[in-house]
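Novice: Predicted structure and sequence below. I'll ask about it afterward.
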Amino acid sequence: MTDDDAKRAARTRAKIMDGFARAERALFTRPAPKSARAQMKFLRTREKGSTKSLAARLGVSRKTVQRYLSGASTRPHKRLQEALVQETESEWQPQVRAQARQRAASSGGLVISCRAYFGFGPEGTSDAGRVRDITVAVIASHAAAIYVAQEEGATESDLHDAVAEAIADAYFRQGGGGRAGLEVKFADVEWLNIAF
């Protein structure tokens, strides 16, 4: 794999992970904490009250965490603000997130919308590769495979392959039929959205 392929795969993984994060945030029944102090308090409870481990998690000093918890500091710099938002949303309402994943993997499936390069036929034909906008309902078994890959810390190519297989099966192969062995190229993802 060349450096360009590795960078492209990393960008695709980031877009897939961001798509899952946005889909899960849409399911929250209560809004996540917004102020830096409230986010720090919430994250401290997740770290079992340890300001030291919270500081390490956020990449700041223990004194910085204590200043925000006491209210002495209220406006975090950009990097800290991004870390607070990301960490808070990743921990917020884990049961809601787990129920949505379980439902998608067992019966509901996912809806994936994306704009990417898809190709499966020779140049000069209508099946030749090109950028396409696709919205497709992915069956539960493919959703389960994507979640397993994501939770097991799959590499960029493994996660990319799981999503590509799900889209190819649902959209191009149409669940099998006469196109069961069709190889579909999925690359250069411009955007990707996921819904439960």
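Specialist: Great, that's in hand.

Novice: OK, contacts around the residue nearest to residue 120 when sequence neighbours are not counted?
Specialist: Spatially, and ignoring its direct neighbours in sequence, residue 120 is nearest to residue 184 (4.6 Å; CB to CB, 6 or more residues apart in numbering). C-betas here are computed from N, CA, C, even on glycine. Residue 184 makes contact with 118, 119, 120, 164, 167, 168, 172, 173 under the criterion CB atoms under 8 Å, 6 or more residues apart in numbering.

Novice: Would you mind giving both backbone torsions of residue 184?
Specialist: Main-chain torsions, residue 184, degrees, to the nearest 10: phi -110, psi 130.

Novice: try residue 59
Specialist: The phi/psi pair for residue 59 (degrees, to the nearest 10) is phi 80, psi 30.

Novice: swap in residue 109?
Specialist: Per-residue torsions, residue 109: phi 70, psi -170 (degrees, to the nearest 10).

Novice: just residue 110 next, same as before
Specialist: Main-chain dihedrals, residue 110, degrees, to the nearest 10: phi -130, psi 160.

Novice: Does it have any beta-bridge partners, and if so which?
Specialist: Beta-bridge partners for residue 110, by DSSP bridges, are residue 138.

Novice: tell me which strands and helices the lowest-mean-pLDDT helix or strand in the chain is in contact with?
Specialist: Taking mean pLDDT, DSSP states H and E as the measure, the helix or strand of the chain with the lowest value is helix 3-25, at a mean of 78. With contacts defined as 3 or more CB pairs under 8 Å, 6 or more residues apart in numbering; DSSP states H and E, the packing partners of helix 3-25 are helix 78-91, helix 94-103, helix 156-167, strand 185-195.
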